[in-house]
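In: This is a predicted model, with the sequence first.
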Amino acid sequence: MKNRMRDLREDHDLSQRQVAAALGITQRKYSYIETGTQPLTEDILVGLAHFYGVSTDYILRLTDDAQSGRK
C-alpha cells in the first residue's frame, strides 16, 4: 500500500506537501501514512481515491486495475 501511494504521488509529479494539502493534513502526517508509520484511515483512503481518480482497492493493492476495483 505505501508503495502504491508513493507511486501515485510520483506519477503525478507531486510532493508530499501538495498531496497533504489536498487532503487537509500535514506533510508530516502524510509522510507517516505513506511510509506505514501511521495507519491509513478510511477518510484518507477515500480522499486519496478521489484525488487521484482511482479505486480504493487499487490504493490497497487489491487490484491492478485503477478504475474498476476488480482483479
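Out: Right, received. Where do you want to start?
In: quick one: contacts for the nearest residue to residue 58 once chain neighbours are set aside?
Out: Among residues not flanking residue 58 along the chain, residue 66 sits closest, at 4.5 Å (CB to CB, 6 or more residues apart in numbering). Any C-beta I mention is one placed from the backbone N, CA and C, and that applies to glycine too. By CB atoms under 8 Å, 6 or more residues apart in numbering, the contact set of residue 66 is 53-55, 58.
In: ok, the closest residue to residue 39 other than its chain neighbours - contacts?
Out: In this structure, residue 39 finds its nearest non-sequential neighbour in residue 33, 7.6 Å apart by CB to CB, 6+ apart. Neighbour list for residue 33: 2, 5, 39-40, 44 [criterion: CB under 8 Å, 6+ apart].
In: Please enumerate residues in contact with the lowest-mean-pLDDT helix or strand in the chain?
Out: One helix or strand of the chain scores below all others by mean pLDDT, DSSP states H and E: helix 2-11, with a mean of 90. Helix 2-11 is contacted from outside by 15-16, 19, 33-36, 40, 48, 52, 54, 58-61, using CB under 8 Å, 6+ apart.
In: Many thanks, I have nothing further to ask.
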